[in-house]
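Make a model of this:
(2 chains)
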Amino acid sequence: DTEVTQTPKHLVMGMTNKKSLKCEQHMGHRAMYWYKQKAKKPPELMFVYSYEKLSINESVPSRFSPECPNSSLLNLHLHALQPEDSALYLCASSQYSGRAFEQFFGPGTRLTVL
Amino acid sequence: GNSVTQMEGPVTLSEEAFLTINCTYTATGYPSLFWYVQYPGEGLQLLLKATKADDKGSNKGFEATYRKETTSFHLEKGSVQVSDSAVYFCALKYLTRDDKIIFGKGTRLHILP
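Residues are numbered from 1 along each chain as shown, chains lettered A, B, ... in the order given. Coordinates of the predicted model:
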């Protein structure tokens, strides 16, 4: 299994809703990432988990809450989002963190906040 | 600081034409360099990579050579297909605590039949 899967593929939510995005990989990778991508822009790093511990938080608002329950699974909990949070949310994993290890991306969850 | 600059798009070519997408970088030390491709409505896929000077990455007919003297990693393909239409991102990654990928802005490629 050489892929990163993400669910759901699409999500529409209101500003008062609570929802979660899920990411899974079974490649034995020990680093996992959340990115946000706005239209016609490159991905922006949000969070990095290394060995199930949060190692980087790129000053992301607290309405985004990541969770890594085990080495294969990464969640992003969403609460009280704003319309400007509408974007494609990409998950990625790499064997380890560090320069030589490329990141493998999932297909993304397209989020619309009404 | 560290950065990646790639040619502005969109780039429009006819099928079977030769493709070059320019990418230059600014970085301290010795970064790894990557090309990612994003097809419409999809996530990013790693197209090719190079981890040291003079390395050539290749995949699916695409090639790029890590040129330290010109700080470049230009993407080339000898004969493009309609299915190559996508957005291409040049990127670098370097060994620091923060494990970041620095992406270029992306180049949209349209191939006409």
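
What are the buried residues along the helix or strand bottoming out on mean pLDDT in chain A?
Lowest mean confidence among the helices and strands of chain A (mean pLDDT, DSSP states H and E): strand A:53-57, at a mean of 87. Of the residues in strand A:53-57, A:Ile56 count as buried by neighbour count, 16 or more other C-beta atoms under 10 Å in any protein chain shown. Any C-beta I mention is one placed from the backbone N, CA and C, and that applies to glycine too.

Now the following helix or strand past that strand - C-alpha only, CSV.
Once strand A:53-57 ends, the next helix or strand along the chain (criterion: DSSP states H and E) is strand A:64-70. Once non-C-alpha atoms are left out, strand A:64-70 reads as follows in CSV (Å, rounded to 0.1, in the frame of the first residue of the first chain):
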residue,chain,number,x,y,z
PHE,A,64,-8.0,24.0,13.7
SER,A,65,-7.0,21.2,16.1
PRO,A,66,-4.8,18.3,14.9
GLU,A,67,-4.7,14.9,16.4
CYS,A,68,-2.5,11.9,15.8
PRO,A,69,-4.1,8.9,17.5
ASN,A,70,-1.5,6.4,16.1
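
Mind listing what's buried along the helix or strand just after strand A:64-70?
Per DSSP H and E, the first helix or strand lying C-terminal to strand A:64-70 is strand A:73-79. Applying a neighbour-count criterion of 16+ other C-beta under 10 Å, one finds A:Leu74, A:Asn75, A:Leu76, A:Leu78 buried in strand A:73-79.

repeat for stretch A:54-69
Applying 16+ other C-beta under 10 Å to stretch A:54-69 flags A:Ile56, A:Val60, A:Phe64, A:Pro66, A:Cys68 as buried.

That one vs chain B: in contact?
Yes: contact of stretch A:54-69 with chain B (C-beta under 8 Å from any C-beta of the partner chain) involves A:Ser55, A:Ile56.

can I get the buried residues of stretch A:54-69 in a markdown table with distance to A:Ala87?
A markdown table is the format used below for the buried residues of stretch A:54-69 (distance: C-beta to C-beta, whole Å):
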| residue | distance to A:Ala87 |
| --- | --- |
| A:Ile56 | 19 |
| A:Val60 | 12 |
| A:Phe64 | 11 |
| A:Pro66 | 16 |
| A:Cys68 | 21 |
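
pLDDT at A:Leu21, what is it?
The score at A:Leu21 is 98. That number is its pLDDT.

Surely it touches A:Leu11?
Yes: under the criterion of C-beta atoms under 8 Å, A:Leu21 makes contact with A:Leu11 at 7.2 Å.

Skipping adjacent residues, who's closest to A:Ala80 in space?
A:Arg63 (5.0 Å; C-beta to C-beta, 6 or more residues apart in numbering or on different chains).

got a list of what the one you found touches?
A:Leu78, A:His79, A:Ala80, A:Leu81, A:Gln82, A:Asp85 (C-beta atoms under 8 Å, 6 or more residues apart in numbering or on different chains).

ditto for B:Ile111
If you count contacts by C-beta under 8 Å, 6+ apart, then B:Ile111 has B:Thr12, B:Leu13, B:Ser14, B:Glu15, B:Ala17, B:Val80, B:Gln81, B:Val82, B:Ser83, B:Asp84, B:Ser85 around it.
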